[in-house]
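Participant: I need the structure of the sequence given here:
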Amino acid sequence: MQTDLATLRKIVKQGEGLNVEFKLKTKHPEKIVREVVAFANTDGGMLIIGVSDDRQIIGAKFPEEDEYILKKAIAEYCFPEISYQIERLPLDEDSEREVLLFHIPKSESLPHQIIKGEDKGKVYVRVGEQSIQASKEMRSYLKERKKNKNYRFHYGEKEHKLMQYLASHPIITVKQFSKIAGISPQTASRTLVLLTLAKVLKVNAKECEDEFSLSEDFEKITQKNTTLAS
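Facilitator: Predicted structure coming up:
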């Protein structure tokens, strides 16, 4: 894995997003590990040290120290262990400053969580350019997804009411499902997670409350069956 300065400039120009996060320094490593955990739990990503929020490539003045600090924090704060690769990119021949690139792949050992400090026990996921705390539903989904099982479900009254609702609404939350189906929030939560694991639904993490919608795979199957029936 080799990133040159021209490629880095292109990445920085595009800005932060689902798979990219900028940090100027490693001043608060206990907070930076949130991004590492979120990348591992979601779709992988690149943590770049030495770039400001306004996309200025400044570089780290003491790259060895920054690398040591962040490696130590990842080892101490994250569980299960997160694998990653590090690149150090000199800005130019006359400068001692370097940009550090931490490449974090999408993990199979889900969910990763923080096990130390004020965020102890918290799981983070990536949503757009933010790392947010995972809900109970998202944590359950991540934990079960890694088992790589084929999930089945019983299509009963509550599932029927859910499908009726989603036929005219793009999204539903646990609270909304609980209300329209007349079931407890706990039952609503378990049902939505199971249907997501069965690939009937997809979950979109949000800061306030996760949103569930019909998955693309399920919609394709439904459209195909409708075409065959006609």
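Participant: For the rest of this, base every contact and every neighbour count on C-alpha atoms.
Facilitator: Will do.
Participant: what about the strands in the protein?
Facilitator: 20-23, 45-49, 78-79, 85-90, 98-104, 113-114, 124-127, 130-133, 201-204, 211-214 (DSSP state E).
Participant: How about the contacts made by the closest residue to P170 other than its chain neighbours?
Facilitator: Distances taken as Cα to Cα, 6 or more residues apart in numbering place S213 nearest to P170, at 6.1 Å, with adjacent residues excluded. By Cα atoms under 8 Å, 6 or more residues apart in numbering, the contact list for S213 reads 166, 170-172, 201-203.
Participant: beta partners for S213?
Facilitator: Here S213 sits in beta bridges with K202, going by DSSP bridges.
Participant: could you measure it against V203, distance?
Facilitator: 7 Å (Cα to Cα, to the nearest Å).
Participant: domain ranges for the chain?
Facilitator: Following automatic domain parsing, one finds the domains of the chain at 5-133, 136-229.
Participant: what's near enough to touch I48?
Facilitator: Applying Cα under 8 Å, 6+ apart, the residues contacting I48 are 20-23, 99-102.
Participant: tell me which residues form a beta bridge with it?
Facilitator: In beta-bridge terms (that is, DSSP bridges), I48 pairs with F22, L101.
Participant: tell me the pLDDT at it?
Facilitator: pLDDT recorded at I48 is 98.
Participant: cool, and I86?
Facilitator: 98.
Participant: what's around it, how many residues?
Facilitator: As a burial measure, I86 scores 17 neighbours (other Cα atoms under 10 Å).
Participant: Tell me which residues touch it, please.
Facilitator: 100-103.
Participant: from the residues you listed, which single one is nearest Y155?
Facilitator: H103 (42.1 Å; Cα to Cα).
Participant: For the closest one, give its distance to Y165.
Facilitator: Counting by Cα to Cα, the gap from H103 to Y165 is 41 Å.
Participant: Over to I48?
Facilitator: Taken as Cα to Cα, the span from I48 to Y165 is 43 Å.
Participant: before we move on, what about K10?
Facilitator: Distance of K10 to Y165, given as Cα to Cα: 43 Å.
Participant: Give me the more crowded residue out of those two.
Facilitator: Legend: neighbour count by other Cα under 10 Å for K10 and Y165, higher for Y165 (17 against 10).
Participant: Look at the more buried one and report its pLDDT.
Facilitator: In this model, Y165 carries a pLDDT of 98.
Participant: Ok, G45 next?
Facilitator: 98.
Participant: quick one: it and F39 touch, right?
Facilitator: Yes - with contact defined as Cα atoms under 8 Å, G45 reaches F39; the gap is 5.3 Å.
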